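Engineer: need coordinates for the following:
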Amino acid sequence: MGQIEFYMKKIVILGLLILFGCRSQNKPEEALKNYMSDRLSGRLTSRDAILTHATGKYWAAINALSDEEFKKFENLSQVKQNSYKLLSSKCTNDTCYLTYSVGYSTIENQKKTFSSEVKKVAELKMEQGEWKIADISNLKTYHESLEPLNPLQE
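Structural biologist: As a prediction, the model looks like this:
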């Protein structure tokens, strides 16, 4: 019976390694997709958690935010991701530029108020065996208001 338990433990450990290995950061496309998914789902809420995915300009920009500015940056509770699409990539051994689009809805009072699509370029750098985000630039943004705009309302 002891030998069976030993093998069962090994199988469980191997299964966990395979499961967590599916979210590896060995490919820049996976690292960016995981980061975007985690940010928009609310799994990355602390400054330290976000900074573990960042390097270079992006790390410096997030680290320089005041607590109030970071709270606004981090709060995506009214945003629901609709789509993510990788458009192109240009990579070398330690640097990768990924062009992607992300679609999302803005929700207020349990009602969609805006539909948005943003085309971006992310620069990723290999650092300590992981791909990290070095910079993100917006190329094009499209917002569609689903509710009438009131310019007199604050």
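Engineer: hmm, who's touching the strand or helix carrying Asp38?
Structural biologist: Assigned by DSSP states H and E, Asp38 belongs to helix 28-41. For helix 28-41, contacts defined as Cβ atoms under 8 Å, 6 or more residues apart in numbering pick out 23-25, 43-44, 50, 53, 76, 79-81, 84, 86, 89, 91, 96, 98, 100, 102, 104, 122, 124, 130-133. Heads up, the C-betas are built off the backbone N, CA and C, glycines and all.
Engineer: what's the answer for stretch 87-107, then?
Structural biologist: 28-29, 32, 36, 40, 78-86, 112-126, 131, 134, 139.
Engineer: for ChimeraX, write the select line for the buried members of those residues.
Structural biologist: The buried residues among these can be selected in ChimeraX (16 or more other Cβ atoms under 10 Å) with this line:
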select :28,32,36,40,79,114,116,117,119,120,121,122,123,124,125,126,131,134
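Engineer: which members of the contacts of stretch 87-107 are positioned in strands?
Structural biologist: Mapping these onto strands (DSSP state E) picks out 79-86, 112-126, 131, 134, 139.
Engineer: flag the shaky bits of the chain, pLDDT-wise.
Structural biologist: Of all residues in the chain, those with pLDDT under 70 make up the ranges 1-25, 153-154.
Engineer: one more time with 50, if that's ok
Structural biologist: 12, 14-24 (pLDDT under 50).
Engineer: roughly how far does the residue nearest the centre of the chain sit from Gly103?
Structural biologist: Closest to where the C-alpha atoms of the chain average out (Cα atoms, centre = their mean) is Met36, at 1.8 Å. As judged by Cβ to Cβ, to the nearest Å, Met36 and Gly103 stand 11 Å apart.
Engineer: how far does the helix holding Asp38 sit from its chain's centre?
Structural biologist: Offset of helix 28-41 from its chain centre (Cα atoms, centre = their mean, to the nearest Å): 3 Å.
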